[in-house]
Structures are given as C-alpha cells and as structure tokens.
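In: For reference, the sequence and a predicted model appear below.
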Amino acid sequence: MADEGTVRVDLWIWSVRLVKTRSQATAACRGGHVRVNDERAKPATAVRPGDEIRFRHDGRERIVTVQRVIRKRVGAPVAQECYIDKSPPPPPREALVPIAKRERGAGRPTKRDRRELERLRGLQMSRNASEHQ
C-alpha cells in the first residue's frame, strides 16, 4: 500500500479522498487548479513526501502537505494519515449568498421583477447606459 518513491499527483489526490473520482482529479490538474510546490501541475506530475499541494475544488482552496505516498484508494481514517491539512477553515454557512426563490406557479418574472433583482445584486447599469458609453 505505501511506496516511498513517487506517484502521479492526480492519482494521489484521488487516493487520499480529496475528490470523489480520478477523472475529477485529472480534470482539476488540466484546468490549472492544482499546484505542487507553487508550480502548476499536470496530471502526471510526480509527488513525494514533503511536497505541498494547493488544490481548488468546489470553490474552496485546500492546502495539504504530503506525508505518505499511496497508489490505491484507502479508507478515510488511513487517508487522513497520508497528509497534513493546512487549509483555511471553510466559510460559515451564513456567509453564503442566499438564492432568490420564486413561489411555485408564480410564472415568469416580469420586467419589474428582473430590475429589482438586478438592483439587489448591484447590477444597476441599464442597457441604454451601456450603449452610450
């Protein structure tokens, strides 16, 4: 299970359960959301103990230091022993922006409703004002 050599970063991220699927880990690497020692990482970038991995997933940044290199997906308690989590705490649930919901059956929003929503969001610039600039 443990290997003191190196392993691909996408495989390691999946193995220690930072993402649900290996394809999500590979896509994150290709999208530039994974950094190993402050350098953008391709999926095949080698990871060894002591490396720092910065990883953006679901709108949250995770910062972990590799303790052990593993190649197979393991249980959560074992996976947590393979890294040190230095991530900032997630924002409280109250800090998240509430989603505006309409009554069921209220129909399509009117122009007045749309303008009120834009005013609440801070998007007061109208179409005509943007055309004249």
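Out: Yep, that arrived.

In: host element of residue 56?
Out: strand 52-57 (DSSP states H and E).

In: How far off centre is that strand?
Out: Strand 52-57 sits 8 Å away from the centroid of its parent chain (CA atoms, centre = their mean, to the nearest Å).

In: Mean confidence (pLDDT) on that strand, please.
Out: For strand 52-57, mean pLDDT rounds to 92.

In: Now do the contacts for residue 54.
Out: The neighbours of residue 54, taking CB atoms under 8 Å, 6 or more residues apart in numbering as the test, are 34-35, 38, 61-63. In this view, the C-beta of every residue, glycine as well, is placed from N, C-alpha and C.

In: just checking, which of the residues you listed belong to strands?
Out: Among the contacts of residue 54, the members falling in strands are 34-35, 61-63 (criterion: DSSP state E).

In: now those residues as CSV including pLDDT?
Out: Formatted as CSV, the entries for those read as follows, by pLDDT from 0 to 100:
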residue, pLDDT
34, 94
35, 95
61, 90
62, 92
63, 94
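
In: May I ask which of those residues has the most neighbours?
Out: Taking other CB atoms under 10 Å as the neighbour criterion, residue 34 ranks highest of the ones in strands among the contacts of residue 54 with 26 neighbours.

In: May I ask you to confirm that that one is in contact with residue 53?
Out: Yes - with contact defined as CB atoms under 8 Å, residue 34 reaches residue 53; the gap is 6.8 Å.

In: Overlap in contacts, the two.
Out: Residues within reach of residue 34 and of residue 53 at once, by CB under 8 Å, 6+ apart, are 9, 13, 41.

In: How far off centre is stretch 57-69?
Out: Stretch 57-69 sits 10 Å away from the centroid of its parent chain (CA atoms, centre = their mean).
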